[in-house]
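Undergrad: Need coordinates for the below:
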Amino acid sequence: MSKLFVEPMMLSKPLEMNDRCLVCGQNFLPEPGFYYGAMFISYLISSFFFLFVAGITIIYFGFTVEGAFALIIFIGLFLYLWLMRISRSIWIHIMIKYDKLAKDNYKESNFN
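TA: Predicted coordinates for the structure are as follows:
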């Protein structure tokens, strides 16, 4: 299994990705703007998560709306990069079809 993102993550380049999969040769950057759709996935995940957090903190813990927003901003600061990475991973898994023979074909093409 190959890594999608360059590790360890550097804060100066948090979304830096490897060019290709080391196992099957899949191009991780197939075209400019490929990960534009990941932005929508990130928005969808974060909006439902933060709406849930706001509802729980207001209804069950008695926070004010301002207090709930402050908590959401605090949590969002820590989750931002993780959400962007997860969204890119989900996007490439949605858009690129799995090819069970890619690994074998890639190995054969590298030996020739």
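Undergrad: Who are the contact partners of the nearest residue to residue 13 once chain neighbours are set aside?
TA: Nearest residue to residue 13, sequence neighbours excluded (C-beta to C-beta, 6 or more residues apart in numbering): residue 6, at 7.4 Å. In short, each C-beta sits where N, CA and C put it, glycine included. When contacts are counted by C-beta atoms under 8 Å, 6 or more residues apart in numbering, residue 6 touches 13, 16, 17, 18.
Undergrad: if I look at residue 6, how far off is residue 108?
TA: Distance of residue 6 to residue 108, computed by C-beta to C-beta, to the nearest Å: 27 Å.
Undergrad: residue contacts, the spatially most central residue of the chain?
TA: Most central residue of the chain, judged by C-alpha distance to the mean C-alpha position with C-alpha atoms, centre = their mean, is residue 86 at 2.1 Å. Taking C-beta under 8 Å, 6+ apart, we find residue 86 in contact with 42, 45.
Undergrad: One more: the one 5 residues further on?
TA: Residue 91 makes contact with 34, 35, 37, 38, 41, according to C-beta under 8 Å, 6+ apart.
Undergrad: try 6 Å
TA: Residues in contact with residue 91 (C-beta atoms under 6 Å, 6 or more residues apart in numbering) are 35, 37, 38, 41.
Undergrad: now do residue 107
TA: By C-beta under 6 Å, 6+ apart, residue 107 lies in contact with nothing.
Undergrad: Would it be right to say that it lies in a helix?
TA: Yes: Residue 107 sits within a helix when classified using DSSP: H, G, I helix; E, B strand; the rest coil.
Undergrad: number of nearby residues for residue 15?
TA: For residue 15, the tally of surrounding residues (other C-beta atoms under 10 Å) stands at 13.
Undergrad: per-residue confidence for the nearest residue to it once chain neighbours are set aside?
TA: Spatial nearest neighbour of residue 15, excluding adjacent residues (C-beta to C-beta, 6+ apart): residue 84 at 6.1 Å. Residue 84 carries a pLDDT score of 94 in this model.
Undergrad: Since that was my last question, I'll sign off now.
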